[in-house]
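J.: missing the sequence, but the structure's below:
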């Protein structure tokens, strides 16, 4: 089947890389949400800067996000919910607002690959290396990274663009990323994108 017909033109990008932003479109209104939000704020700024860099290099951004318990939710409903005046995550969502040409996938569990079209999308983009960012380091980022590894994607997980409730959880995850998953964990500012094409 010709590539152009597989997703009917809904994945027009072609890139060796893809930037994934995990679970940062959130209201952070859950147990330990305040602690996670505090740690997510500094990484969000670095992710926003990284996103601008990869976009300039022709690399697509894919938001992979919890459904916030609303299975009828879509991208617009999730964003609108998180932008409410009462939402703890409002400032962060404004900083990382998905743009019209970004992709947005809703996931039911920890891994971005479980019961989602992520792998199909990445195949159509022809991505071979994933840049994983977001929360939480030792859960959703870790599970997504492991599933990417067994699917033979290369992994770049900038250590200053992931967070958890506390630093120990992130340090433990980074050990696994480096040793078991062979991930490049250099800081975001040192990532080199030779060409997205």
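T.: All right, it came through fine. Computed from a predicted structure; not experimentally measured.
J.: give me every residue that touches residue 132.
T.: When contacts are counted by CB atoms under 8 Å, 6 or more residues apart in numbering, residue 132 touches 20, 22, 141, 144, 145, 148, 155, 156, 157, 162. In this view, the C-beta of every residue, glycine as well, is placed from N, C-alpha and C.
J.: Tell me how many other residues crowd the fifth one.
T.: Spelled out, that is residue 145. Using other CB atoms under 10 Å as the criterion, residue 145 is surrounded by 26 other residues.
J.: wait, doesn't it sit right on residue 178?
T.: No: counting by CB atoms under 8 Å, residue 145 sits too far from residue 178 to count as a contact (10.9 Å).
J.: Identify, from the contacts of residue 132, the entry nearest to residue 62.
T.: The shortest separation between residue 62 and any of the contacts of residue 132 is 5.2 Å, and it belongs to residue 20 (by CB to CB).
J.: ok, the most centrally placed residue in the chain - contacts?
T.: Relative to the mean C-alpha position of the chain, the nearest C-alpha, by CA atoms, centre = their mean, is the one of residue 21, at 1.9 Å. Neighbouring residues of residue 21 by CB under 8 Å, 6+ apart: 47, 51, 61, 62, 63, 64, 96, 133, 134.
J.: Need the three-state assignment for the fourth one.
T.: What that stands for is residue 62. Assigned by DSSP: H, G, I helix; E, B strand; the rest coil, the conformation of residue 62 is strand.
J.: Looks like it contacts residue 106 (just checking).
T.: No: contact criterion CB under 8 Å: residue 62 and residue 106 do not qualify, at 11.7 Å.
J.: neighbour count winner among these two?
T.: Ranked by neighbour count (other CB under 10 Å), residue 62 and residue 106 place residue 62 first, with 24 against 20.
J.: Can you name the residues that contact the more buried one?
T.: Contacts were defined as CB under 8 Å, 6+ apart; by that measure residue 62 touches 18, 19, 20, 21, 102, 103, 104, 105, 118, 121.
J.: measure it to residue 168 for me?
T.: Noted for residue 62: a distance of 29 Å to residue 168, by CB to CB, to the nearest Å.
J.: again with residue 55
T.: Where residue 168 is concerned, residue 55 sits at a distance of 33 Å (CB to CB).
J.: residues of the helix or strand hosting residue 40 that come out buried?
T.: Assigned by DSSP states H and E, residue 40 belongs to helix 33-56. The neighbour-count check on helix 33-56 (16 or more other CB atoms under 10 Å) flags 33, 36-37, 39-40, 43-44, 46-47, 50-51, 54-55 as buried.
J.: Using TSV, lay out those together with pLDDT and distance to residue 114.
T.: Formatted as TSV, the buried residues of helix 33-56 follow (pLDDT from 0 to 100; distance: CB to CB, whole Å):
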residue	pLDDT	distance to residue 114
33	95	22
36	97	21
37	98	25
39	98	25
40	98	22
43	98	23
44	98	24
46	98	27
47	98	23
50	98	25
51	98	24
54	97	25
55	96	27
